[in-house]
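Student: Model the structure of this input:
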Amino acid sequence: MQFETRAIHVGQDPDPRTGAVVVPIYQTSTFAQPAVGEHTGYEYARTGNPTRTALQECLASLEGTEQAVCFASGMAAEDAILRLLAPGDHVIMANDVYGGTWRLITKVHARYGIEVSAVDMTDLDAVAAAFRPTTRFVWAETPSNPLLKILDLAALAELAHDRDAWLVADNTFATPYLQRPTEFGADLVVHSTTKYLGGHSDVVGGAVCTDEQTAADLAFLQNAVGAVPGPFDSWLTLRGVKTLGVRMEKHSENAGRIANYLAGHAAVEQVLYPGLADHAGHDVAARQMSAFGGMVSFRVAGGADAARRVAERTELFFLAESLGGVESLIEHPGIMTHASVAGTDLEVADDLLRISVGIESADDLLADLERALG
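Tutor: I've put the predicted structure just below:
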């Protein structure tokens, strides 16, 4: 089956008892058992829930992995991956990784002996030089947040595997519709399902797509720690996934138009979008992705004050954190989503704005930006 068909059908057969064509919301905390020590597949909702199972089966199919494990948030998914490590283990991370990811490993897991190095992962020689005998993960975001860097997944996977490490790929920005990291050698694919997979800014969640054994290890941690998504959250995400293909086509189309517009605007110093021919990662993105996605970052002429004014003047672009919904959003990463990396090597320029381009009329969005920039 093709992607769009799998998004609607995998894990989502009609309910065998009622014939309902939509997976039910199994809003229950526990399940009756026919005998002591026996159950019919489910026993307690922290351990498993049929609505969550449907979502996990669908996401694994879309990413092309054996299994998927869903969590209460993207950060919970990342936390579970990092719990696979032992004290003294080392992680190589991109030097423009999402601020919350950097905070998680440096402020939480570092307390338990996990070590991390921040590297420009577009420089493969720098990545190779960063390896230690204790390196276990190479952690890549592509496109990255918020600088929209493009990383060569196949090259990073080769570097990692040659040194007995795993490649973890955050595929939140691209989604499996535009890019499937396991096809390039990634061992684990992590998502904030809050973003494009849910797609409607009404649910928080996360997922890890990987092989059967690693999924079992993550499921153990999920059950032990308890960071599970509720059945309604799982249902909302599954509903969003059904339209992922058509949404990503429109997100990408609108973002391409807006990036080209911004690139020619006198009030804009620089546009970061992999669909632009002069983007440093354009050729790699064209090889790895089927389209260039809905995220655009740009630097505003006039510095931080000018950037703040633009962010506060838009009307259709709501000033808000997060991304990937049907509505367009604008934010100032240095003050908002990436404030946790201020004062570090990962600090974001104060004239940078990030926009999540929605699926509204591109003409209306362009008019809104014209007003704000003017």
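Student: Let me know whether Pro274 touches His282 as I believe.
Tutor: Yes. Under the criterion of Cβ atoms under 8 Å, Pro274 makes contact with His282 at 5.8 Å. For every residue, glycine as well, the C-beta is placed using N, CA and C.
Student: Please enumerate the shared neighbours of those two.
Tutor: Counting by Cβ atoms under 8 Å, 6 or more residues apart in numbering, the common neighbours of Pro274 and His282 are Ile150.
Student: higher neighbour count, those two?
Tutor: Set Pro274 next to His282 and count neighbours by other Cβ atoms under 10 Å: Pro274 wins out with 28 against 16.
Student: Could you check how far the more buried one is from Gly334?
Tutor: Remark: distance between Pro274 and Gly334 (Cβ to Cβ, to the nearest Å) = 21 Å.
Student: before we move on, what about Ser340?
Tutor: 11 Å.
Student: okay, those two: which has more neighbours?
Tutor: Neighbour count, other Cβ under 10 Å: between Ser340 and Gly334, Gly334 has more, with 23 against 17.
Student: doesn't Ala342 make contact with that one?
Tutor: Yes. With contact defined as Cβ under 8 Å, Gly334 reaches Ala342; the gap is 6.9 Å.
Student: so His109, which of the three states?
Tutor: Secondary structure state of His109, per DSSP: H, G, I helix; E, B strand; the rest coil, is helix.
Student: Buried residues in stretch 123-135, which are they?
Tutor: Neighbour-count burial for stretch 123-135 flags Leu124, Val127, Ala130, Phe131, Thr135 (criterion: 16 or more other Cβ atoms under 10 Å).
Student: Phi and psi next, for the third one.
Tutor: Okay, so that is Ala130. phi -80, psi -10 (degrees, to the nearest 10).
Student: got a list of what it touches?
Tutor: If you count contacts by Cβ under 8 Å, 6+ apart, Ala130 has them with Ile92, Ser117, Val119.
Student: Specify which member of those is nearest to Gly293.
Tutor: Val119 (23.1 Å; Cβ to Cβ).
Student: distance of the closest one from Asp283?
Tutor: Counting by Cβ to Cβ - Val119 and Asp283 are separated by 21 Å.
Student: More neighbours: which of these two?
Tutor: Shown here are Val119 and Asp283; by other Cβ under 10 Å, Val119 has more neighbours (19 against 13).
Student: pretty sure that one is touching Ala126, no?
Tutor: Yes. Between Val119 and Ala126 there is a contact under Cβ under 8 Å: 5.2 Å.
Student: So which residues lie in contact with the lowest-mean-pLDDT helix or strand in the chain, not counting its own?
Tutor: None of the helices or strands of the chain scores lower by mean pLDDT, DSSP states H and E than helix 99-103, at a mean of 93. For helix 99-103, contacts defined as Cβ under 8 Å, 6+ apart pick out 75, 78, 93, 118, 139, 141, 170, 333, 337-341, 344, 346.
Student: and those residues, which two are the farthest apart?
Tutor: Taking Cβ to Cβ, the two most distant members of the contacts of helix 99-103 are Trp139 and Ala339; they sit 20.6 Å apart.
Student: ok, these two, which is more surrounded?
Tutor: Trp139 (24 against 15).
Student: so what's the backbone phi/psi at that one?
Tutor: phi -110, psi 110.
Student: with the contacts of Ala130 in mind, which one is nearest to Trp235?
Tutor: Closest approach to Trp235 among the contacts of Ala130 (Cβ to Cβ): Ile92, at 36.8 Å.
Student: Isn't Gly48 up against Tyr42?
Tutor: Yes. The pair Gly48 and Tyr42 passes the contact test of Cβ under 8 Å, sitting 5.2 Å apart.
Student: what about the residue lying closest to Val10 once chain neighbours are set aside, helix or strand, and which?
Tutor: Leaving aside its chain neighbours, Val10 sits nearest to Ser61 (4.2 Å; criterion: Cβ to Cβ, 6 or more residues apart in numbering). When elements are assigned from DSSP states H and E, Ser61 belongs to helix 50-63.
Student: quick one: contacts for the closest residue to Thr53 other than its chain neighbours?
Tutor: Leaving out its chain neighbours, the residue that sits closest to Thr53 by Cβ to Cβ, 6+ apart is Gly11, at 7.0 Å. The contact partners of Gly11, taken as Cβ under 8 Å, 6+ apart, are Val23, Thr53, Ala54, Leu55, Gln56, Glu57, Cys58, Ser61, Leu238.
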